[in-house]
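Let me see the structure of the following:
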Amino acid sequence: MPFVCQLDFMHVIVHGGAGSPPESPADRQETLTEAAEQAIESEHPMNAVLAALRPLESDPAFNAGIGGAVQSDGEVRTDAGLMTHDGQIGAVCAMSGIVHAADVAYSVATETPHVLLAGDEAIEFAAGSGVETGRDLTTAETRQRYEAAGPPDGGPADHLDWVHAHFSGTDTVGAVATDGDQLAAATSTAGRWYALAGRVGDVPQVGAGFYADDRGGASATGEGEAIARFGLARRAVELLDTYGPRQAAEEAIAEFEDATGGRAGVIVLDRAGHTGAERNTAAMQTARR
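As a prediction, the model looks like this:
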């Protein structure tokens with residue numbers, strides 16, 4: 001029989017990306033807190049996670065939407081994924097010109113029989129669903145940063161090593177929300193700085209960047225290739241069979257690091273509204289309500 005624990009109000013946890021210490025952490029924390037406060041006013045967890053992510057996707061201080069990471073051809077491409085406890089899923093990837101990728105993922109989940117849409121066709125679908133397209137996602141700072149960088153010699157593996165060495169930092173935003181009955185998890189990103197054009201990381205992959213089921217939900221952030229290989233978000237939720245959210249997050253990150261040697265963070269929320277967060281990076285800011 002499904003677990004039902006009706007709460008008096010929405011519970012939400014939000015993260016702003018795991019990585020190196022960010023600039024202006026106080027301002028970022030204020031934005032995260034305001035995003036969480038907006039989210040708890042929502043009537044449904046799916047609306048709550050979208051409400052939490054929109055201001056983060058619009059803020060150049062976070063790597064999602066405006067001011068996001070620029071790929072090797074000078075384009076910013078956004079990805080997102082969303083899932084509910086009962087298996088409703090939507091994901092999108094490799095979209096130029098779209099700030100609110102999570103809104104497009106929501107439309108995939110609610111308006112189509114599909115799980116994932118990509119590239120130009122995802123952009124066309126977004127426009128048809130009423131999501132704004134054609135935005136310039138760069139800022140003066142990101143354009144300057146891109147122009148100052150020179151591509152490395154060698155093949156794709158050398159390129160990714162160079163990206164990791166020169167463009168580390170916080171990445172990806174995510175949220176998980178529950179009202180005690182329904183639950184949703186979502187993650188949104190612009191990916192890795194100077195990654196090969198068209199690269200897609202963990203964020204739109206079910207079980208990697210996001211996951212939810214009857215036990216709870218999780219959103220992951222960090223080194224996307226390692227997260228995708230390990231399935232970090234799903235593993236964090238699986239551990240709710242044994243632990244509470246705090247310990248589940250800790251154990252998931254410990255297993256992830258042991259298996260991959262990668263760096264990441266994860267937030268976890270169970271159906272009762274209990275939260276957990278863990279990282280093996282220098283920083284990961286979160287807000288909980």
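
C-alpha only now, for contacts and for neighbours.
Fine.

distance between the ends of stretch 185-193?
One end of stretch 185-193 to the other measures 25 Å (C-alpha to C-alpha, to the nearest Å).

Rounded mean pLDDT for it, please.
Average pLDDT, stretch 185-193: 95.

three-state assignment of the residue nearest to Ser129 when sequence neighbours are not counted?
Sequence neighbours aside, Ser107 is the residue nearest to Ser129 in space, at 6.8 Å (criterion: C-alpha to C-alpha, 6 or more residues apart in numbering). Secondary structure, DSSP: H, G, I helix; E, B strand; the rest coil: Ser107 is helix.

List the buried residues for stretch 138-147?
Within stretch 138-147, the residues that count as buried by 16 or more other C-alpha atoms under 10 Å are 138, 142, 146.

Next, format those as TSV and append distance to Ala197, pLDDT and secondary structure.
As requested, the buried residues of stretch 138-147 are exported to TSV (distance: C-alpha to C-alpha, whole Å; pLDDT from 0 to 100; DSSP: H, G, I helix; E, B strand; the rest coil):
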residue	distance to Ala197	pLDDT	secondary structure
Thr138	15	97	coil
Thr142	16	92	helix
Tyr146	13	87	helix
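
Make a markdown table out of those and add distance to Thr281.
Formatted as a markdown table, the buried residues of stretch 138-147 follow (distance: C-alpha to C-alpha, whole Å):
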| residue | distance to Thr281 |
| --- | --- |
| Thr138 | 26 |
| Thr142 | 23 |
| Tyr146 | 24 |
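
my guess is the residue nearest to Ser129 contacts Val131, does it?
No: between Ser107 and Val131 there is no contact under C-alpha atoms under 8 Å: 9.1 Å.

Which of these two has more residues huddled nearby?
Ser107 (21 against 17; other C-alpha atoms under 10 Å).

Next, the contact list for that one, please.
Ser107 sits next to 90, 126, 129 when contact means C-alpha atoms under 8 Å, 6 or more residues apart in numbering.

Can you pull the poorly scored residue ranges out of the protein?
1-8, 150-157, 159-170 (pLDDT under 70).

Spell out for me which residue occupies the centre of it.
In the chain, the centroid-proximal residue (C-alpha atoms, centre = their mean) is Thr187; its distance is 2.6 Å.

quick one, helices of the stretch 1-150 of the chain?
Remark: helices assigned in the stretch 1-150 of the chain by DSSP state H, counting those that start in this stretch are 25-39, 45-57, 101-111, 119-128, 140-148.

check which helix or strand covers the closest residue in space to Gly209 that isn't next to it in sequence.
Take Gly209 and drop its neighbours on the chain: the residue closest to it by C-alpha to C-alpha, 6+ apart is Val203, 4.1 Å away. Assessed by DSSP states H and E, Val203 sits outside every helix and strand.

how far away is Val203 from Glu225?
Counting by C-alpha to C-alpha, the gap from Val203 to Glu225 is 10 Å.

helix/strand/coil for the closest residue to Ala220 other than its chain neighbours?
Leaving aside its sequence neighbours, Ala220 sits nearest to Val266 (C-alpha to C-alpha, 6+ apart; 4.4 Å). Reduced to three states with three-state DSSP, the structure at Val266 is strand.

Neighbours of Val266, how many?
29.

Strands of this protein, start to end?
Using DSSP state E, the strands of the chain run over residues 11-19, 77-84, 89-96, 116-118, 173-178, 183-189, 210-213, 216-222, 264-270, 275-279, 283-288.
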